[in-house]
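Q: Just need the structure, nothing else, for what follows:
(2 chains)
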Amino acid sequence: MSSEAESATDVPVAERSTRSIDLESVRAIARKDFRDAVRSWLFWGLSVFFFALLVTLTGVISYFGGDVILAEGATTEVLVGQVYGVGSLIIPVIALVLGWKAIAGERESGSIKIMLSLPHSRRDVVLGKLVGRAGVLSLSLLVGFVLAAVPVAVLLGTFDPTDYVGLLAVSILYGIVYTSVAIAVSSVTRSTTFAAAGAFGVFVLFYVVWGTIATAVGFLMAFDYLPESETIAELTMLFQNLNPNAAYGNVLSLVTSAAELGEQEVAALETMFDGSIPFYLQDWFALLILLAWIVIPVALAIYRFDRTDL
Amino acid sequence: MPAITVHGLTKSYGQTLALQDLSFEVEDGEVFGFLGPNGAGKSTTINVLLDFVRPTDGRVEVLGLDAQTHSREIRSRTGVLPEGYQVYDRLTGRQHLEFAIDSKGVDADPDRLLERVGIADAADKKAGGYSKGMAQRLMLAMALVGDPDLLILDEPATGLDPNGAREMREIVRAENDRGATVFFSSHRMEQVEAVCDRVGILRNGEMVAVDSVEGLRDSLEDGTTLRVTVDRIDDDTLQAVRSLSEVSSATVEDGGQPTLVVGVDGSKTAVLGELEDHGIEVRDFSTQEASLEDVFQSYTTEAETGVQAR
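A: Predicted coordinates:
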């Protein structure tokens, strides 16, 4: 803030520097993005979808397993498990579809010139897009969950608000993870074709490649192509846990009463690691993994997008 | 302090050199016409001014601030009508202006701005349904938000009918009277000659002339072109005409009848007298003032026309 030109005029926006992040800009971009890219039917459609998903899963639980689960008083945790099963597949798809065009689309059409003719930094654009798109997903999850709360409680007979809110919060976090990845993919290319391929690639990476690598390492060890060492086994487990989908499940078991592993499995792990489970297999570490999956893609996107020609 | 300083600007895209050692200045408070054929590098220059692309070499200052490090400040005090943009299809005209007002953090009335550019009746229509001319007017309205110190208009007349182009020029004049500097690119001389104080002509990434409109007109050796239709012509006569002090060039056009095309600075009667002295019958003659279009042609096309700039 050294130039005399700045002190001579009283433009509030002029006080912000170029590479910085400005919250007012982020808000303006997110607001524009919400109005432009997200039509209201999309928002309400997603809300209704999440509502229907919750009510359907609850209906299935109470119809098929009702008595047994009810007797144990663990209905909401069963719902958590069911939502994890479906949500870990559906939420990434929705987030990637919402986000893949966010920046590449504007670069391809040239409308990004309108946005960047205004006093926004490239960083504001990346963050504004993230907030806008993640906002749609988060708000529709929130609306769906709130609307479904009463039918879920009625169908199950018992209702644990802590588990329910925990499930919502972690699902929102998980949605932000994939939105962040989608925005990052969208920011590295000018072509929506490449962006679409990238988004599809992300899905394949986390759902096919990741598991295949872990399985392959296991096989290689079993057939003596790799030395059967504890280090490799531990690294493989760490690797599996780094997958955001695994982290979603692990964090759910941290914040809700639904345990991902049974007591016997935990005991088996404890025996394997001589009584103490290593930090990276513990649930609090999974929360860090989820947060890292939000921060790192966006940070890379900002780094790259800051330096590129439009 | 100049409004724009470009010094030694070079920009290459891989092997392609878009701008080569380009230098010019735009004075504070003037209307500067940035002229050149398509592909000369006008948009690349503007993209560097706005930090859409980064220079390979050179220094660029806008409003006394470095175009890269202080881009946000620059854009907060600049109104931009970009080239090669696409409007946000699902936002209305008013929402576009609200985005600009929001982004600049100023207080302005969208309806007044839309009225000023003549599309007030389309304020609540989605911009996706706008014609090219209406989109251009909308962009001009967005550029005017917050009474900017500098207006950068990239091919503003694109898609406008003659009436629209005239209205656009009136707005440029009014903004200039208010105190704004206007930087205005075009590939057509007629767009800039009526409104610009000075004109810079860009060709193949290099500035080939910068002068006032009158100065450019004067820079042509042959201020007037004399066309004389004669019954015959011979080399002696042609040499004699060429050696006249008033004559800068003389060529013969072969048509149905030979026609002498003579560039004259001064008396035309000397040429006609010389022809008669050689016993040549003058059947018809006409004179033609050099138009700025000729000036532009002479600077931007290879020198085949016989019109040479000094």
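Q: which residues of the chain score low on pLDDT?
A: No chain specified, so I'll use chain A. A:1-19, A:38, A:65-75, A:258-268, A:270, A:272-275 (pLDDT under 70).
Q: wrong chain, I was asking about chain B
A: B:219-223, B:255, B:289-294, B:301-310.
Q: Check the chain for its longest helix and report it.
A: In the absence of a named chain, chain A is used. helix A:122-156 (DSSP state H).
Q: not quite, I wanted chain B
A: Assignment by DSSP H gives helix B:162-178 as the longest helix of chain B.
Q: Pick out the residue nearest the middle of chain B.
A: B:Leu35 (3.1 Å; Cα atoms, centre = their mean).
Q: wait, doesn't that one sit right on B:Glu193?
A: No. Using Cβ atoms under 8 Å, B:Leu35 is not in contact with B:Glu193, being 9.3 Å away. Using the backbone N, CA and C atoms, a C-beta is placed for each residue, glycine as well.
Q: which residues do the two both contact?
A: Common contacts of B:Leu35 and B:Glu193 (Cβ atoms under 8 Å, 6 or more residues apart in numbering or on different chains): B:Val199.
Q: can you pull the buried residues of the longest helix of chain A?
A: Neighbour counts over helix A:122-156 (16 or more other Cβ atoms under 10 Å in any protein chain shown) mark A:122-145, A:147-149, A:152-153, A:155-156 as buried.
Q: elements contacting that helix?
A: With contacts defined as 3 or more Cβ pairs under 8 Å, 6 or more residues apart in numbering or on different chains; DSSP states H and E, the packing partners of helix A:122-156 are helix A:23-37, helix A:40-64, helix A:75-99, helix A:112-117, helix A:161-187, helix A:283-306.
Q: what about 10 Å?
A: helix A:23-37, helix A:40-64, helix A:66-72, helix A:75-99, helix A:112-117, helix A:161-187, helix A:283-306 (3 or more Cβ pairs under 10 Å, 6 or more residues apart in numbering or on different chains; DSSP states H and E).
Q: how big is the angle separating the second one from helix A:23-37?
A: Between helix A:40-64 and helix A:23-37, the angle formed by their directions is 80 degrees, by axes from the mean of the first three to the mean of the last three Cα atoms, to 10 degrees.
Q: go on, the last one?
A: Angle, helix A:283-306 to helix A:23-37, by the same axes, to 10 degrees: 90 degrees.
Q: In helix A:283-306, which residues are buried?
A: The neighbour-count check on helix A:283-306 (16+ other Cβ under 10 Å) flags A:283, A:285-287, A:289-290, A:293-294, A:297-298, A:301-302, A:305 as buried.
Q: Same list (the residues you listed) but as a markdown table, adding distance to A:Ala196.
A: Shown next, in a markdown table, are these (distance: Cβ to Cβ, whole Å):
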| residue | distance to A:Ala196 |
| --- | --- |
| A:Asp283 | 35 |
| A:Phe285 | 33 |
| A:Ala286 | 30 |
| A:Leu287 | 31 |
| A:Ile289 | 27 |
| A:Leu290 | 25 |
| A:Trp293 | 21 |
| A:Ile294 | 22 |
| A:Pro297 | 17 |
| A:Val298 | 20 |
| A:Ala301 | 17 |
| A:Ile302 | 22 |
| A:Phe305 | 18 |
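Q: of those residues, closest to B:Ala3?
A: A:Phe305 (28.6 Å; Cβ to Cβ).
Q: Was I right to think that closest one contacts A:Val185?
A: No. Using Cβ atoms under 10 Å, A:Phe305 makes no contact with A:Val185, being 11.7 Å away.
Q: Identify the contacts common to those two.
A: A:Ile103 (Cβ atoms under 10 Å, 6 or more residues apart in numbering or on different chains).
Q: Could you measure from the residue sitting furthest away from the middle of chain B over to B:Arg227?
A: Distance from the centre of chain B peaks at B:Gly279, with 45.6 Å (Cα atoms, centre = their mean). As judged by Cβ to Cβ, to the nearest Å, B:Gly279 and B:Arg227 stand 20 Å apart.
Q: With A:Ile277 instead?
A: According to Cβ to Cβ, A:Ile277 and B:Arg227 sit 97 Å apart.
Q: same question, A:Arg35
A: On the measure of Cβ to Cβ, A:Arg35 and B:Arg227 end up 61 Å apart.
Q: Dump the helices and strands packed on helix A:122-156 into JSON lines; add distance to B:Arg217 as well.
A: Formatted as JSON lines, these follow (distance: least, Cβ to Cβ, whole Å):
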{"stretch": "helix A:23-37", "distance to B:Arg217": "46"}
{"stretch": "helix A:40-64", "distance to B:Arg217": "58"}
{"stretch": "helix A:66-72", "distance to B:Arg217": "91"}
{"stretch": "helix A:75-99", "distance to B:Arg217": "55"}
{"stretch": "helix A:112-117", "distance to B:Arg217": "34"}
{"stretch": "helix A:161-187", "distance to B:Arg217": "49"}
{"stretch": "helix A:283-306", "distance to B:Arg217": "46"}
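Q: show me the contacts for the residue in the stretch 101-250 of chain B positioned nearest to chain A.
A: At 3.9 Å from chain A, B:Ser103 is the closest residue in the stretch 101-250 of chain B, using Cβ to the nearest Cβ. Residues in contact with B:Ser103 (Cβ under 10 Å, 6+ apart) are A:13, A:24-25, A:27-29, A:31-32, A:114-115, A:117-120, A:124, B:75-76, B:142, B:145-146.
Q: Which strand or helix spans it?
A: Element membership for B:Ser103, per DSSP states H and E: helix B:93-104.
Q: Next, the angle from that helix to helix A:122-156.
A: Using the same axes, to 10 degrees, the direction of helix B:93-104 lies 110 degrees away from that of helix A:122-156.
Q: Which strands or helices does the helix or strand just after helix B:93-104 pack on?
A: Following helix B:93-104 in sequence order, the next helix or strand is helix B:110-116 (DSSP H and E). Counting contacts by 3+ Cβ pairs under 10 Å, 6+ apart, helix B:110-116 is packed against helix B:93-104, helix B:132-144, helix B:162-178.
Q: How about the second one and chain A, any contact?
A: Going back to what we said before, that points to helix B:132-144. Yes. Applying Cβ under 10 Å from any Cβ of the partner chain, one finds helix B:132-144 in contact with chain A at B:Leu138, B:Met139, B:Met142, B:Ala143.
Q: distance of the residue lying closest to the last one once chain neighbours are set aside from A:Ser111?
A: So that's B:Ala143. Residue nearest to B:Ala143 in three dimensions, not counting chain neighbours: B:Gly79, with 3.4 Å by Cβ to Cβ, 6 or more residues apart in numbering or on different chains. As judged by Cβ to Cβ, B:Gly79 and A:Ser111 stand 17 Å apart.
Q: Mind checking which of those two has more residues around it?
A: B:Gly79 (27 against 19; other Cβ atoms under 10 Å in any protein chain shown).
Q: Tell me which strands whichever strand or helix holds that one pairs with, and in which orientation.
A: Taking DSSP H and E as the definition, B:Gly79 sits inside strand B:78-81. Take DSSP bridges as the rule and strand B:78-81 pairs in its sheet with strand B:150-154 (parallel).
Q: Just the angle for the strand it pairs with relative to helix B:132-144, thanks.
A: In terms of direction (the same axes, to 10 degrees), strand B:150-154 departs from helix B:132-144 by 160 degrees.
Q: what's the angle from strand B:150-154 to helix B:162-178?
A: Using the same axes, to 10 degrees: strand B:150-154 against helix B:162-178 is 160 degrees.
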